[in-house]
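J.: show me how the following folds:
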Amino acid sequence: MTVRIGAHGDVDDAASQAEAIGADIAQVFLSDPQAWKLDAAALSNPGVPAYVHAPYVINVASTNNRIRVPGRRLLQATCTAAADIGALGVVVHGGHVTASDDPAVGFENWRKAIDGLDVNIPLLIENTAGGNNAMARYLDRIALLWEHLADSPNIGTVGFTLDTCHAWAAGLNLATVVEDILVITGRIDLVHANNSRDADGSGADRHARLREGTIPPDLLVEVIGAATSHGADVILETRGTAEETASDIAWLRGELSKN
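T.: Numbers count the residues shown, from 1 in each chain. Below you'll find the model as predicted:
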């Protein structure tokens, strides 16, 4: 099976960047990831099969109307724009509630958001690294989220992004995390292949290059290989030069080909 591997890039230069690092696919932002506005009129096809990462400010689980409501609108705008440029899917973080909130309200808010979307592109919820009140950090929370979404009319468009750094930081068992997630969601569409600068269970979202972090490289390859055997694509979100990213992609391809 051919595994598609790529890295995060710029939407207006994704094709040439992908070619320079030997990538098959890319991931892009369509706007400033910390902004609440999306200029869909300025977008064009990135020229390479690409996933779109939704802005970080989106938190549709929030009990705060000033965060949740504009977040829903921005998520809809992102999904619409991503579909218009032929994206492979939209990645969005799982979000969180505050310590004083009932987590059940966050799950119900997610359900309302999914129900209300006009979406014809995969929406891939990503596991998160930290936060005791996160909707998608721990396995039991991911399971509760999927229980709430299970009978949504839009459940067929909802998939999962497994971030390896986030899973490590969350304290999940990387040796079993792929099967654990598949039992809950039935699918893993995309892997964010990142090592971690911090210890297992730290809660810290600080990515490292594939062979430079605290996750043993052979364990990282094992996780990625398990997910790709179920059809997942792979995106690196590691910082480095084009040469360094190309080296990481070539190394990962070689390691995966051994299995």
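
J.: for the stretch 1-150 of the chain, what are the low-confidence residue spans?
T.: Counting by pLDDT under 70, the stretch 1-150 of the chain contains low-confidence residues at 40-42.

J.: what are the ranges of the strands in it?
T.: Counting by DSSP state E, counting those that start in this stretch, the stretch 1-150 of the chain has strands at residues 5-8, 25-28, 50-53, 89-93, 123-126.

J.: partner strands of the second one and their direction?
T.: In other words, strand 25-28. For strand 25-28, sheet partners with direction are given as strand 5-8 (parallel), strand 50-53 (parallel), following DSSP bridges.

J.: one more: the fourth one?
T.: Strand 89-93 pairs in its sheet with strand 50-53 (parallel), strand 123-126 (parallel), by DSSP bridges.

J.: can you give me how far it is from the chain middle?
T.: Between the mean C-alpha location of strand 89-93 and the chain-wide mean there is a distance of 6 Å, by C-alpha atoms, centre = their mean, to the nearest Å.

J.: ok, and what's touching it?
T.: Judged by C-beta atoms under 8 Å, 6 or more residues apart in numbering, the contacts made with strand 89-93 from elsewhere in the structure are 27, 51-54, 56, 58-59, 75, 78-79, 82, 121-126, 128, 136, 159, 161, 189-190, 192. Quick note: C-beta positions are derived from backbone N, CA and C, even for glycine.

J.: same check, this time on the first one
T.: Contacts with strand 5-8, where a contact means C-beta under 8 Å, 6+ apart, come from 17-18, 21, 23-28, 48, 50, 53, 193, 233-238, 245, 249, 252-253.

J.: mind running it again at 10 Å?
T.: With C-beta atoms under 10 Å, 6 or more residues apart in numbering as the contact definition, strand 5-8 has outside contacts at 14, 17-18, 21-29, 48-51, 53, 191-193, 224, 228, 233-240, 242, 245-246, 248-250, 252-253, 256.

J.: whichever of those residues end up buried, select them in PyMOL.
T.: The following PyMOL command selects only the buried members of the contacts of strand 5-8, with burial defined by 16 or more other C-beta atoms under 10 Å:
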select buried, resi 14+17+18+21+22+23+24+25+26+27+28+29+48+49+50+51+53+191+192+193+224+228+233+234+235+236+238+240+245+246+248+249+252+256
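
J.: among the contacts of strand 5-8, which are in helices?
T.: When DSSP state H defines the helices, the subset of these inside them is 14, 17-18, 21, 224, 228, 242, 245-246, 248-250, 252-253, 256.

J.: now, which of those sits nearest residue 33?
T.: Distances from residue 33 to the ones in helices among the contacts of strand 5-8, taken as C-beta to C-beta, are shortest for residue 14 (15.5 Å).

J.: I'd guessed that closest one sits against residue 24; true?
T.: No - taking C-beta atoms under 10 Å as the definition, residue 14 is not a contact partner of residue 24, at 11.9 Å.

J.: okay, and the common contacts of these two?
T.: Counting by C-beta under 10 Å, 6+ apart, the shared contacts of residue 14 and residue 24 are 6, 48-49.

J.: just put these in JSON lines and tack on distance to residue 209.
T.: Supplementary listing: the shared contacts of residue 14 and residue 24 in JSON lines, determined by distance: C-beta to C-beta, whole Å:
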{"residue": "6", "distance to residue 209": "15"}
{"residue": "48", "distance to residue 209": "22"}
{"residue": "49", "distance to residue 209": "23"}
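
J.: what's the closest of those to residue 67?
T.: Nearest to residue 67 among those is residue 6, at 30.9 Å by C-beta to C-beta.

J.: mind naming the longest helix for this protein?
T.: Among all segments of the chain classified by DSSP H, the helix with the greatest residue count is helix 65-84.

J.: mind listing what's buried in that helix?
T.: Neighbour-count burial for helix 65-84, counted by 16+ other C-beta under 10 Å, picks out 67-68, 71-72, 74-83.
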